[in-house]
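Engineer: give me coordinates for this.
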Amino acid sequence: MKRIALIALIALMTTTGFAQMMNRQGKTITIKRTETPKSSVVDFSNPTEPVHGTVVYGRIEENGDTTLIVYLPEVDIDLMQRYLQITNTNQGRRLANNVKKVFPYAKLAGAKMQEYDSLLANIPNKTERNRLMKQAEKELTDQYTEELKKLTISQGLILIRLIDRETSQTSYQVVQELRGNVRAFFYQGFARLWGYNLKTEYDPHNNPEDDEIETIMTLLERGVI
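Structural biologist: Sure thing, here's the model as predicted:
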């Protein structure tokens, strides 16, 4: 799942001075270039932000023409073929769209979990830890509840599995660790009313749908799709 750095270089080749060519009779003809090329300018000072995995990190200007030098995402042919097979059906296209929809929330969950783990590691006092977690819960609720309420049941189920992928813990375990057993039990009971199970694990090796989700997630992380 680790990102792979990919690079494609566009090389600008110019000729100067004299060029030698062979005519059809095998004789050597010397051709002198009459125009003196303008000096080239290479600018690497202002890389752009990634756009679908592409970063323009420099340009070469010569004789009024500009050549861009860019990083491009690596295309895994086998992975792309797998993705095309998945999205060749209506069910597969719905799955891909749902994964794309919840992708940013899953990555956010992983980032927030790391952030809170780092904060809690420096707070030995249980009362202070509980206060911090209540504050974090309120902030997340205020910021994301309205957005998450717009997710469909299918998208919510995928998000629960992806939280396990990003944090190496089920959603139930995350709540249990940060807010205690009682709160985790309450959330699980409430989630079950809506058809969710916070204890759902992500297992792409043994679950065919999780395997398809993993293909989509990998390509999303690489910026290919």
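Engineer: for this structure, just list every one of the strands.
Structural biologist: In the chain, the strands defined using DSSP state E lie at 18-22, 28-32, 41-43, 55-62, 65-71.
Engineer: worst mean pLDDT among these?
Structural biologist: Averaging pLDDT over each of these singles out strand 18-22 as the lowest, with a mean of 36.
Engineer: below-threshold pLDDT in the protein: ranges please.
Structural biologist: Across the chain, the ranges flagged by pLDDT under 70 are 1-59, 68, 70-74.
Engineer: ok, 90 please
Structural biologist: Low-confidence segments of the chain, defined by pLDDT under 90: 1-78, 109-110, 112-149, 153, 174-196, 222-225.
Engineer: so which elements touch the lengthiest helix in it?
Structural biologist: Ranked by residue count, the top helix of the chain under DSSP state H comes out as helix 90-121. Contacts defined by 3 or more CB pairs under 8 Å, 6 or more residues apart in numbering; DSSP states H and E place helix 90-121 against helix 77-86, helix 126-148, helix 153-167, helix 171-179, helix 208-221. Heads up, the C-betas are built off the backbone N, CA and C, glycines and all.
Engineer: how much space between the residue nearest to Leu140 when sequence neighbours are not counted and Met80?
Structural biologist: Nearest non-adjacent residue to Leu140, counting by CB to CB, 6 or more residues apart in numbering: Lys112, 7.2 Å away. Computed as CB to CB, to the nearest Å, the Lys112 to Met80 distance reads 31 Å.
Engineer: who has more neighbours, these two?
Structural biologist: Remark: of Lys112 and Met80, Lys112 carries more neighbours, 17 against 14, as counted by other CB atoms under 10 Å.
Engineer: look up how far Leu151 lies from that one.
Structural biologist: From Lys112 to Leu151 the distance is 17 Å (CB to CB).
Engineer: ok, now Tyr196?
Structural biologist: For Tyr196 relative to Leu151 (CB to CB), the value is 11 Å.
Engineer: Gly110 too?
Structural biologist: 18 Å.
Engineer: hang on, isn't Thr152 packed against Asn98?
Structural biologist: Yes - assessed by CB atoms under 8 Å, Thr152 is found in contact with Asn98 at 7.4 Å.
Engineer: got the contact list for Lys101?
Structural biologist: Leu151, Gln155 (CB atoms under 8 Å, 6 or more residues apart in numbering).
Engineer: run the last query once more with 7 Å
Structural biologist: Shown in contact with Lys101 (CB atoms under 7 Å, 6 or more residues apart in numbering): Gln155.
Engineer: counting neighbours, what do you get for Gln81?
Structural biologist: For Gln81, using other CB under 10 Å, the count is 11.
Engineer: count the neighbours of the residue nearest to Arg161 when sequence neighbours are not counted for me.
Structural biologist: With CB to CB, 6+ apart as the criterion, Arg161 has its nearest non-adjacent residue at 4.4 Å, and that residue is Tyr202. For Tyr202, the neighbour count with other CB under 10 Å is 21.
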